[in-house]
Every structure is written in structure tokens, then in C-alpha cells.
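J.: Please work out how this folds:
(2 chains)
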Amino acid sequence: MNKSTSGGYIKGLGKRANAVLSILVLLLSACMILPVVLILVISVSSEKSIVEKGYSFLPSEWSAGAYLYIFKNAGNILRAFGVTFAVTIVGTILSLFLISTMAYVISNRYYRHRNILTVGVMIPMFFSGGLAASYAVNTQLFGLKNSYLALILPIACSSWYIIVMRTYFLRNIPEEILEAARLEGASAFRLYYQFVLPMSRPILLTVGIFEAFSYWNSWYENLIYTDSAHSELYMLQYILYNMEKSASYITSNENISGAVMGDVPTQSLRMALASLIILPIIIVYPFFRRFFVRGLTAGGGK
Amino acid sequence: MKKRISNNKINIELTLLCLPTIIWYIAFCYLPVFGIVLAFKRYQLVPGRNFFYSLFFGSKWVGLSNFRFLMLNPQMMRVVRNTFLYNLAFLILGIVVPVTIAVILSYLHSGMVRSIVQICMLLPHFMSWVIVSYFVYAFLSADKGMLNALFENLGMSSVNFYLKPAIWPFILVLVQLWKTSGYSMLIYYATICAIDSDLFDCAAIDGATVRQVIRYVILPQLKPMVVVLMLLNLGHILSTDFGLFYQVTRNAGSILSTTETIDVFVYKALMEQSNYGFSAAASLIQNGIGCLLLIVANRMVKAISPEGGAI
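T.: A predicted model of the protein is given here:
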């Protein structure tokens, strides 16, 4: 008998049922990506078309004006690109370091403080001091208000991914190898970077890409920890959020004083910025998709 | 004796290795827990002093008055009701929809179809709430939205969705499902893929129908995962995703009666009114009830099946 699962599918569905269900889930998938397509289309619609026809999948006139405008005039957006990029890189590396070290340590069965650390990692998933307390500690104790660190540190670690990664280590790294290396005098540090890390590429990629996207997408930290007087700290999403609040946000900016208000494609501009944020995600993510299923399965067990 | 020394050595090394993470947890998770005291104080920052000095020595104890004011606030009851009902809907649909899709997916013959569906369904997970609020606006906007253009074509009058509170529960549940079902679906799908193929072979030999296979083979194997995810969600029964309720609704004033949840309330109390006590008291209620529920539910699960439960 053929293998029914693992890389394949469960047998039992007739040809017709398979066709019907396939079309059904494909339609559902199309609905999932429809909003993304709409935003991309609007971003290359001309301003005239948007004003006349509203948002539409089939604009009456195409135009790349919004993108040209961003690259020519919107210095603050380009700066925000730089900030977002830097925060994403630094944040992801820091996250992976914090998460993988802890996950490795608590995956050691012979480690003395294993249980207390595991519980210590899990408690914050269910109980926290609340926003007021975190805000007060971060600003009035650590002085993170209006600093780059406030964009990176508060979301640098994640209990969920520590547990996912620990489970992956427990299931996929043969204990005999580590034990043998240990008996030959390898230190815990060497075991970590010479054996554990190279053997865990799928989970490192999975968690890394999730963390990278969460930094790339972050706006909450700006909302809470950045005053409007420090707009040099703004990340892309927060600029987009501000544009939503006031259409004139971008035009009121001093460095485009040369432009006349009427020339600014405000409608398509918002969608163009949204598209510029989405595009890197759409491009990068399918390459990593095949690791996700393998990586995330590990999250299952306790 | 030698083994002991080497054990001590490895224990110290391991502790050192995760020390940065321990420090992170103390700084960003455990120090704020002391901030719960805020809920029982009238907090004032003492100039030149840090948070803890101001909290413990510079601010007055007010007992339970923060909670009393919170309970007397008519907004609070509404906010709690909204939070609870939304989470109930998310809890049920958040299991039924992803499990259904995962089961269907695992039966489909074409590998390409399965890959496409996985890629498309997980994509919304990576869209931030700010972006999602733009998606929603593109469909619902009063003058330019797609839906209103459609209504006009059909000869109906246009609707300003951002002024109609009654529709928002449906919109928000739909948006939440759109954004989150892909991730849970993938977890369930991965679990189904991991089921021992012998089980399916045996079922096939016994002549089991598709329905029977789903009922007696797949669903029982998914149960532990469903229980764990459900328990985690019960612990957050009074917590919501701030982004969904603040960004997607564009914080529109006239729909607050059905869209404001505890997290939005906590945020506004702190950032708009600088009322630390109020905000902290609401958080404490939120966290306390969630934890209590989680512990009770976990006990119940363990009582029913000893190897179950999340903790």
C-alpha cells in the first residue's frame, strides 16, 4: 500500500469531490489575497481615476505618480525606510539570540534550573502588569521614551517562540550527539553554536522571518513611546498611520514646500506607501514558506 | 566526584548562556508586575525620582477607589461585554474554520493546490493592523469604497459604515478570521501531516468512509492541539488585539458602542487622560479573570483526561 500521508495526501476523496473542494479552497485563497491586490492596484491608479471612480480593481487610468512622488519629494518616508530597515535587522538578530539561547538551555534535561526557567518563561504569556505598568517602567525607570531602543527592546523576546523552539530542539536534536560532545569536554557555549544552531536551520528561519516581519510591521511602539516632536524615530507603519489620520500629513511636511497641494496625489500616495511596505513581505515570504510547516509543528507539544 | 564538578560547570555555563534572556524577562515582564500596585494608588511621578520611588513613596494609597470608579463607569460594563462577546466568537470560529480548512486541505490530491492555499492563507498573518485598516477602508469608505460603488450600481443608496455600530461586530469577526485563520490552519494541518500513516491504512482496510476517518482518526488526533490553543485563548478571554479594535475601526467615535474593548479603554485611560490608576485597575481585572479562568479550565481538562491540559 502506498504511503497515505507525509508529503502526500490522505486517500479516500473521489475525483469529483476533490475537484469541487479544490475549487472551493482556491476561491477562498483568492479572497484572502484580494485586499492586497486591491491596494496594489489603487497605488498605481491615477488620482483622477480615484476621485471619479472610487477605489476599484479596474481604474480608468493608470499612473506611477505616487511612487515617483515618494522617491522625489518625501524625504521623511525615505528616512523612515532606513529606520525600519535598521530596527528590523538589529531586532531580528537580538530576538533570535534571546529566544534560541533560552530555548536551548531549557531543552537540556540535566540542567538544574530547567523547571523554574520554563515556568518563568511561560507565566508572562498569561499574566502581565498591564500597559500602565509597562509604560511607567519603560519610560520612568529605563528612560526609553523617544529612543531607538524603545522600538527594539520591548518586543525583542517571545515566550511562544521560546516554547516552539525548545520543543523543536527536544524532538530534532539527538541527545547522544550532545552527550558525546559534552563528555569530550565541549562547553555549553560550544555545543550551542557548533551543534545546536547548525542543526536547527528550519526553526531558526521560521522564527527569524516571523520576528523580522513583526519588526517590519511594528507601529505600536511608535504610538506609545515616540512623541510627535521626535518624528525622526518614526517607522513606516507609523507614518502610514499618521497619513490615515490626516491626509495632509505628508503635504504639511516642510521639505516639500515647493510642491503645490493640488499636485500631491494624496489618495494613491497612501496606497503606494502601503504597497511599499507590503511588497518586501510578499516577495520574501514564499521562499520561507516550506520551512513553516516543519518549524511550526514543533509548537504542538507541551 | 568528577561528574559532579562537570555538572556544576555545565550548570553555570548554561545559566550564563541564557542570562541575557533572564535579564530581559526581569526588565520587561517581571518588573512591570510590581506596577500592579498602581491600581491601588493615585500615581504621581516625583520629579527627579524613578518610577518605583514615586510609586511606593511618592504616591498616596487610595485602596479600592480606582476599582469602585471603574465599576460605576457605565462605559466599563459596555467595554467588558464587547470584549467578552468578541472573544467568544473568536474562540469558537477560530477553531471551527481553521480545522475545517486543514482537514479539507489534507485530502486534496494536487500538491500545487495545497501549496497555493497555504501561501495565500498565511499571507494575511503578515499584514499589520495599520495595513489591514487600509484594506477595510478601501472596501467600506463612504465615498470611494468598493462596496458603496457596488451598492450604487445596484441602485441602492450608499452606506457610511463608519457611522453604523450594528454592522461592526460582523466586520471585525470577519477581519479577525481573515487575518488569523491561516496561522492556526497551518498548525492543524501540520498536526494532521504528522499523524502515523498506518492509522489511515488500517482505516482503509476496514473500509472506513471519509466521514468515519475524519471522525475517528483525524479529529481525535487534533484534540490535544485544540485543547491547548483553547486554554491559551481562555486565559485571554478579556484581552483583545489592540490593533484590530483601534486601527481597523479607525477609532471612529460613533461606532465605539460595539467596538471598544478593554485594551482600547486601558490605552485611552493612560495615553489620553494619563490616569495610571484607572488603566492599571482595568488591566488587573482583565488579567486576573483571564488567569482564574485558565487555571479552572486547565483543572477541568486534567480531571477529564489526566494527560491533557496546557500546564
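
J.: tell me which element residue B:288 is part of?
T.: For residue B:288, the host element (DSSP states H and E) is helix B:276-304.

J.: Show me what that helix is packed against.
T.: Helix B:276-304 sits against helix A:114-126, helix A:131-136, strand B:41-42, helix B:65-72, helix B:219-235, helix B:262-271, with contacts defined as 3 or more C-beta pairs under 8 Å, 6 or more residues apart in numbering or on different chains; DSSP states H and E. Placement of C-beta: from N, CA and C, glycine included.

J.: switch the cut-off to 6 Å
T.: helix A:131-136, helix B:65-72, helix B:219-235, helix B:262-271 (3 or more C-beta pairs under 6 Å, 6 or more residues apart in numbering or on different chains; DSSP states H and E).

J.: And the ones you listed: which comes nearest residue B:120?
T.: Residue B:120 lies closest to helix B:219-235 among the helices and strands packed on helix B:276-304, at 22.0 Å (C-beta to C-beta).

J.: List every C-alpha atom in that closest one, with coordinates, as CSV.
T.: Provided in CSV are the C-alpha atoms of helix B:219-235 (Å, rounded to 0.1, in the frame of the first residue of the first chain):
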residue,chain,number,x,y,z
LEU,B,219,-10.3,14.7,15.0
PRO,B,220,-9.1,12.7,18.0
GLN,B,221,-5.5,13.4,16.9
LEU,B,222,-6.2,17.1,16.6
LYS,B,223,-7.9,17.2,20.0
PRO,B,224,-4.8,17.8,22.2
MET,B,225,-3.8,20.8,20.0
VAL,B,226,-7.3,22.2,20.0
VAL,B,227,-7.4,21.9,23.8
VAL,B,228,-4.1,23.6,24.3
LEU,B,229,-4.9,26.5,21.9
MET,B,230,-8.4,26.8,23.5
LEU,B,231,-6.9,27.0,27.0
LEU,B,232,-4.5,29.7,25.9
ASN,B,233,-7.4,31.7,24.4
LEU,B,234,-9.5,31.3,27.6
GLY,B,235,-6.6,32.8,29.5
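
J.: which residues does the residue nearest the centre of chain A contact?
T.: Central residue of chain A (C-alpha atoms, centre = their mean): residue A:213, 1.7 Å from the mean position. Contacts for residue A:213 (C-beta atoms under 6 Å, 6 or more residues apart in numbering or on different chains) come out as residue B:126.

J.: Any chance of the backbone angles for residue A:173?
T.: phi -110, psi 110 (degrees, to the nearest 10).

J.: so residue B:113 makes contact with residue A:24?
T.: No: the pair residue B:113 / residue A:24 is not scored as a contact, 10.6 Å apart, by C-beta atoms under 6 Å.

J.: Those two: who's more crowded?
T.: Neighbours were counted for residue B:113 and for residue A:24 using other C-beta atoms under 10 Å in any protein chain shown; residue B:113 has more, 19 against 12.

J.: contacting residues around the one helix or strand that one maps to?
T.: Taking DSSP H and E as the definition, one finds residue B:113 inside helix B:111-122. For helix B:111-122, contacts defined as C-beta under 6 Å, 6+ apart pick out A:22, A:25, A:29, A:32-33, A:286, A:289, B:105, B:108, B:182, B:185-186.

J.: can stretch B:132-146 be found next to chain A?
T.: Yes: shown here: stretch B:132-146 in contact with chain A (C-beta under 6 Å from any C-beta of the partner chain) through B:134-135, B:138, B:144, B:146.

J.: Which ones among those lie within helices?
T.: B:134-135, B:138, B:146 (DSSP state H).

J.: distance of the closest residue to residue B:138 other than its chain neighbours from residue A:245?
T.: Closest residue in space to residue B:138, ignoring its immediate chain neighbours: residue A:55 at 4.7 Å, by C-beta to C-beta, 6 or more residues apart in numbering or on different chains. Counting by C-beta to C-beta, to the nearest Å, the gap from residue A:55 to residue A:245 is 19 Å.

J.: Same question for residue A:221.
T.: Distance from residue A:221 to residue A:245, by C-beta to C-beta: 18 Å.

J.: Looking at those two, which is more packed in?
T.: Remark: of residue A:221 and residue A:245, residue A:221 carries more neighbours, 23 against 10, as counted by other C-beta under 10 Å.

J.: how near is residue A:235 to chain B?
T.: 10 Å (C-beta to the nearest C-beta, to the nearest Å).

J.: number of nearby residues for the closest residue to that residue other than its chain neighbours?
T.: Distances taken as C-beta to C-beta, 6+ apart place residue A:84 nearest to residue A:235, at 4.5 Å, with adjacent residues excluded. When neighbours are defined as other C-beta under 10 Å, residue A:84 has 23 of them.

J.: re earlier: my impression was that the residue nearest to the centre of chain A belongs to a strand - is that right?
T.: No: the assignment for residue A:213 by DSSP: H, G, I helix; E, B strand; the rest coil gives helix, which leaves it out of any strand.

J.: Could you pull up the contacting residues of residue B:139?
T.: Residues near residue B:139 by C-beta under 6 Å, 6+ apart: B:145-147.

J.: Most neighbours among the residues you listed, which one is it?
T.: residue B:145 (22 neighbours).

J.: And for that one, nearest residue in space, chain neighbours not counted?
T.: Nearest residue to residue B:145, sequence neighbours excluded (C-beta to C-beta, 6+ apart): residue B:139, at 5.6 Å.

J.: top helix in chain B by residue count?
T.: helix B:74-107.

J.: Quick check on residue A:62: phi, psi?
T.: Dihedral pair for residue A:62: phi -100, psi 160, per degrees, to the nearest 10.

J.: Next: the one 3 residues further on.
T.: Reported as degrees, to the nearest 10, the phi and psi values for residue A:65 are phi -50, psi -40.

J.: List the contacts of stretch B:67-85.
T.: With C-beta under 6 Å, 6+ apart as the criterion, stretch B:67-85 contacts B:238, B:240, B:260-262, B:265, B:281.
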